[in-house]
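1. Sequence unavailable; structure follows:
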């Protein structure tokens, strides 16, 4: 195994120094490091502070006139780094600053909302959705052209699905198809819970879901109630899906289980 190059060793040393300064919460030490090491592995110091959820350091860096919260290496902007790490306080600080773009995507098209949904950082998903600028239908470019809603369906998370349908201001089911299948068809193919299917049925019918998630979650504990609730949709497919759910059956998933790179 080859020994680390001098450049690699220097990068590791710079990151260690930067981490120590960030964790110290000392503005003077941070200022010295910011002058000496403005970037870590080609990402701004703000991205590392955001990833570590060091909110005081984020606020100090955001107050500096030469710091742009949307700059970063091609793979990571500060808000993407924070969302991937589940660093809720840093996400809040970046959004509150007003300059950070909640839709700033990496080279592969992955947005903060996409990565937070995949990692099941639900508090971060909620923070992003409460920002009026956040777009809910953006697709990743690689490895799949997938949306936050499709990721939530694949993970089988009623909480994430409910947040996206309830809080996503621009969420459009027509923009969330995958290989010509609608989100509802995908949910059935994946064997998603009755609560998720009922949410999608409600959203298809009215463009909204009930704000109280508990109204849906009880369906997952009561097969008879689930069958009745899904049957009220009045479609043969819904009744068949309800019967399958009550019997504990699940269809084979069509959506490949690719994970987004960190």
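-> It's in. This is a predicted model, so every value here is computed, not measured. Numbers count the residues shown, from 1 in each chain.
2. so where's the stretch 101-250 of the chain uncertain?
-> Using pLDDT under 70 as the threshold, the predicted model of the stretch 101-250 of the chain has low-confidence ranges 143, 233-250.
3. now with 50?
-> Under the criterion of pLDDT under 50, the regions of the stretch 101-250 of the chain flagged as low confidence span 234-240, 242-243, 249-250.
4. Which residue, neighbours along the chain excluded, lies closest to residue 60?
-> Leaving aside its sequence neighbours, residue 60 sits nearest to residue 27 (Cβ to Cβ, 6 or more residues apart in numbering; 5.6 Å). Using the backbone N, CA and C atoms, a C-beta is placed for each residue, glycine as well.
5. what about the one you found, neighbour count?
-> The tally of other residues near residue 27 (other Cβ atoms under 10 Å) stands at 14.
6. three-state assignment of the residue most central in space within the chain?
-> When the chain is reduced to its mean C-alpha position, the nearest residue by Cα atoms, centre = their mean turns out to be residue 116, at 2.3 Å. Under DSSP: H, G, I helix; E, B strand; the rest coil, residue 116 falls in the helix class.
7. Quick one: residues contacting it.
-> Contact analysis of residue 116 by Cβ atoms under 8 Å, 6 or more residues apart in numbering lists 83, 84, 86, 124, 125, 128.
8. The fifth one is in contact with residue 160, isn't it?
-> Yes - assessed by Cβ atoms under 8 Å, residue 125 is found in contact with residue 160 at 6.1 Å.
9. what do the two both touch?
-> The contact sets of residue 125 and residue 160 overlap at 117, 148 (Cβ under 8 Å, 6+ apart).
10. So for these two, which sits in the more crowded spot?
-> Between residue 125 and residue 160, residue 125 has the larger neighbour count (other Cβ under 10 Å), namely 31 against 24.
11. Assumed that one was part of a strand.
-> No - counting by three-state DSSP, one finds residue 125 to be helix, located in no strand.
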